[in-house]
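Engineer: Need coordinates for the following:
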Amino acid sequence: MVAKVRRCRSPQEKRAFAEALAREHGGKLPCSHQIRSAGFGWLAEDIRKYPARYEGLLPENPRRCRTPGEHLLAAEQLAKAHDGWLPSPGWLQKNGFAWLDLDMKSHPELYSRIRQRHQINRRPKSRVPAAPVLADRPPPQPETSGNCLLRIWKRLRGSE
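Structural biologist: Take a look at the predicted model:
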């Protein structure tokens with residue numbers, strides 16, 4: 001990796017640094033996110049402000065590390081690894097695939113043929129069987145349970 005130096009640089013020095021970085025990455029600069037994570041935020045900012053200075057070094061799509069086709073391929077491989085179903089958006093975000101979840105929301109037409117599991121919130125369903133039981137009980141005492149439970153009991157009984 002090219003050594004990090006902290007000082008003011010001329011446009012020619014920045015271009016020379018970018019050329020050295022591009023040589024390490026096969027002739028093209030990596031995407032701006034990778035440049036920033038390597039600690040060269042100043043270079044990423046200069047590339048954003050003055051793209052003409054870096055003519056010939058920029059990747060075809062400088063804002064994205066992966067193309068939508070690569071995202072689709074990754075989604076298909078992930079679905080294949082999970083029995084033909086792409087995991088839920090929450091699973092994708094927790095397991096390092098937040099970029100895929102974001103791309104799926106941005107380009108839903110690309111991913112329409114891939115089935116995806118969705119998280120199901122089971123809390124309300126688990127409380128439904130308890131509602132008739134609560135309605136048959138005597139009213140809760142306001143001084144011990146608070147007015148909220150009393151209002152819920154009255155609503156279940158149809159008194160409110």
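Engineer: residues near Glu45, how many?
Structural biologist: By the measure other CB atoms under 10 Å, the count of residues near Glu45 is 13. Any C-beta I mention is one placed from the backbone N, CA and C, and that applies to glycine too.
Engineer: Just the element for it, please.
Structural biologist: helix 41-49 (DSSP states H and E).
Engineer: Starting from that helix, tell me the next helix or strand along the chain.
Structural biologist: For helix 41-49, the following helix or strand on the C-terminal side (DSSP H and E) is helix 68-81.
Engineer: Okay, buried residues for that following helix please.
Structural biologist: By neighbour count with 16 or more other CB atoms under 10 Å, helix 68-81 contains the buried residues 71-72, 75, 78-79.
Engineer: Give the other helices and strands that it contacts.
Structural biologist: helix 98-106 (3 or more CB pairs under 8 Å, 6 or more residues apart in numbering; DSSP states H and E).
Engineer: What are the buried residues along the helix it packs on?
Structural biologist: 99-101, 103-104.
Engineer: pLDDT for the residues you listed - can I get that in a markdown table?
Structural biologist: Formatted as a markdown table, the buried residues of helix 98-106 follow (pLDDT from 0 to 100):
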| residue | pLDDT |
| --- | --- |
| Trp99 | 82 |
| Leu100 | 86 |
| Asp101 | 86 |
| Asp103 | 85 |
| Met104 | 86 |
